[in-house]
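> generate a structure from the sequence data that follows.
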Amino acid sequence: VQLQASGGGLVQPGGSLRLSCAASGVTLGHYAVGWFRQAPGKERERVSCISSAGNQDYADSVRGRFTMSRDNARNVVYLQMNGLKLDDTAVYYCATDRSKCIGANDHWGQGTLVTVSS
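Now for the predicted structure:
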């Protein structure tokens, strides 16, 4: 099983990015998928999660700005990030969960760096 997170980059405050989590060896549609981030000097936190049924959950810090979606045909999960803030700067990771978002994250992507800076 391999997860590949991509789409990070440098963006100005208020800008947007779309992260992708592509999988091989696993059908993402059968699993919940979470996005996590870790900023320098901080603990990793869960940003969002989408269950296999499509139910979504977001951290308070990103709710209303970030949106997850799935493309099961492509076996990819996306994180659309709008209204980016300086505090969103972090390495972002995707990980599988069970069918629901319960924090049983068995498989992780390698991370993609998001830098929000003016």
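> what about the strands in the chain?
Remark: strands assigned in the chain by DSSP state E are 2-6, 9-11, 17-24, 33-38, 45-50, 56-58, 66-71, 76-81, 90-96, 112-116.
> and the ones you listed as CSV, adding mean neighbour count, distance to residue 106 and mean pLDDT?
(Each C-beta comes from the backbone N, C-alpha and C, glycine too.) Listed next are the strands of the chain as CSV, based on neighbours: other C-beta atoms under 10 Å; distance: least, C-beta to C-beta, whole Å; pLDDT from 0 to 100:
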stretch, mean neighbour count, distance to residue 106, mean pLDDT
strand 2-6, 18, 10, 96
strand 9-11, 14, 28, 98
strand 17-24, 19, 12, 97
strand 33-38, 23, 11, 98
strand 45-50, 21, 14, 97
strand 56-58, 16, 18, 97
strand 66-71, 17, 18, 96
strand 76-81, 22, 15, 98
strand 90-96, 23, 6, 97
strand 112-116, 18, 20, 98
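> off-centre distance for stretch 66-79?
Averaging C-alpha coordinates over stretch 66-79 and over its chain gives two centres that are 10 Å apart (C-alpha atoms, centre = their mean, to the nearest Å).
> using PDB, list the CA coordinates for that stretch.
Presented in PDB, the C-alpha positions along stretch 66-79 are these (Å, rounded to 0.1, in the frame of the first residue of the first chain):
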ATOM      1  CA  PHE A  66     -11.000  23.600   3.600                       C
ATOM      2  CA  THR A  67     -13.100  21.000   1.700                       C
ATOM      3  CA  MET A  68     -12.400  17.300   1.100                       C
ATOM      4  CA  SER A  69     -13.600  15.300  -1.900                       C
ATOM      5  CA  ARG A  70     -13.100  12.000  -3.500                       C
ATOM      6  CA  ASP A  71     -12.600  10.800  -7.000                       C
ATOM      7  CA  ASN A  72     -13.100   7.000  -6.600                       C
ATOM      8  CA  ALA A  73     -12.500   6.400 -10.300                       C
ATOM      9  CA  ARG A  74      -9.000   7.900 -10.000                       C
ATOM     10  CA  ASN A  75      -8.500   6.500  -6.500                       C
ATOM     11  CA  VAL A  76      -7.600  10.000  -5.200                       C
ATOM     12  CA  VAL A  77      -8.800  12.100  -2.300                       C
ATOM     13  CA  TYR A  78      -8.400  15.900  -2.400                       C
ATOM     14  CA  LEU A  79      -8.100  18.700   0.100                       C
END
